[in-house]
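Colleague: Sequence below, structure please.
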Amino acid sequence: MRGTHGSHRKRRLNHLSAADPERYEEIGWQTFRSTLEELAEEAEKWGVFVGIEGVSTHTLASPQHMRRILDEVPSSNIGVVFDPCNLIGQDVSRQDEIVDSSLDLFGDRIILAHLKDIYAGSEGYRHGVPGGGLFHTADFFRKLQARKPMLDVSLEEITLPVFNETVALLHSLRS
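Modeller: From the prediction side, this is the model:
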């Protein structure tokens, strides 16, 4: 069912782009905003959080976009799932600026962090096992610890054969 929904959504978004290329991004923003308003209302009703995550190629494409949506839908039941590698995208040379800007703009709203790494490949950058790539993991841990010392960090792109080794590396970077 998920694949069917995703395909339908992709066709719908492509249709919006073709129908109104001048306002495509704003139409997407308004659609996301109205959906988030509904989710926030339900989250408030049930006493739960809605976590939203920015991705450099999606509607929440930058720290500034994340701040904007948090301002436009001012619910304390909306939190941020902060995945810095998703916000960095292909802009690896600006990673420290993107992380710092994110922490400044919405650090108080982060409810979970995702951690993976960035690796250079023949066709650009790709994500992979945390701790061994181009992402400044130790700096990220230090900055995150200063802002959100008890925050849970979810590891991504990790497989069982490298789990123990990766966790040991991350513990050494964190101390």
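Colleague: Now do the same contact list for residue 154.
Modeller: Neighbouring residues of residue 154 by CB atoms under 8 Å, 6 or more residues apart in numbering: 112-115. Every C-beta, even on glycine, is put in place using the N, C-alpha and C of the backbone.
Colleague: Check which helix or strand it maps to.
Modeller: strand 153-155 (DSSP states H and E).
Colleague: buried residues in the longest helix anywhere in the chain?
Modeller: Ranked by residue count and defined by DSSP state H, the top helix of the chain is helix 24-46. Across helix 24-46, burial judged by 16 or more other CB atoms under 10 Å covers 29, 32, 36, 39-40, 43.
Colleague: Kindly report the same for stretch 133-151.
Modeller: Applying 16+ other CB under 10 Å to stretch 133-151 flags 133, 135-137, 140-141, 143-144, 148 as buried.
Colleague: What's the end-to-end length of that stretch?
Modeller: Stretch 133-151 has an end-to-end distance of 23 Å (criterion: CA to CA, to the nearest Å).
Colleague: do stretch 82-99 as well
Modeller: End residues of stretch 82-99 are separated by 10 Å (CA to CA).
Colleague: Could you do stretch 87-104 as well?
Modeller: Stretch 87-104 has its terminal residues 14 Å apart, counting by CA to CA.
Colleague: Tell me how far that stretch lies from the chain's centre.
Modeller: 11 Å (CA atoms, centre = their mean, to the nearest Å).
Colleague: Sketch out the helices for this structure, chain order is fine.
Modeller: Using DSSP H, helices in the chain cover 2-19, 24-46, 63-72, 84-88, 95-106, 137-147, 163-174.
Colleague: Same list, those, but as a markdown table with mean pLDDT please.
Modeller: Shown next, in a markdown table, are these (pLDDT from 0 to 100):
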| stretch | mean pLDDT |
| --- | --- |
| helix 2-19 | 47 |
| helix 24-46 | 95 |
| helix 63-72 | 98 |
| helix 84-88 | 97 |
| helix 95-106 | 98 |
| helix 137-147 | 95 |
| helix 163-174 | 89 |
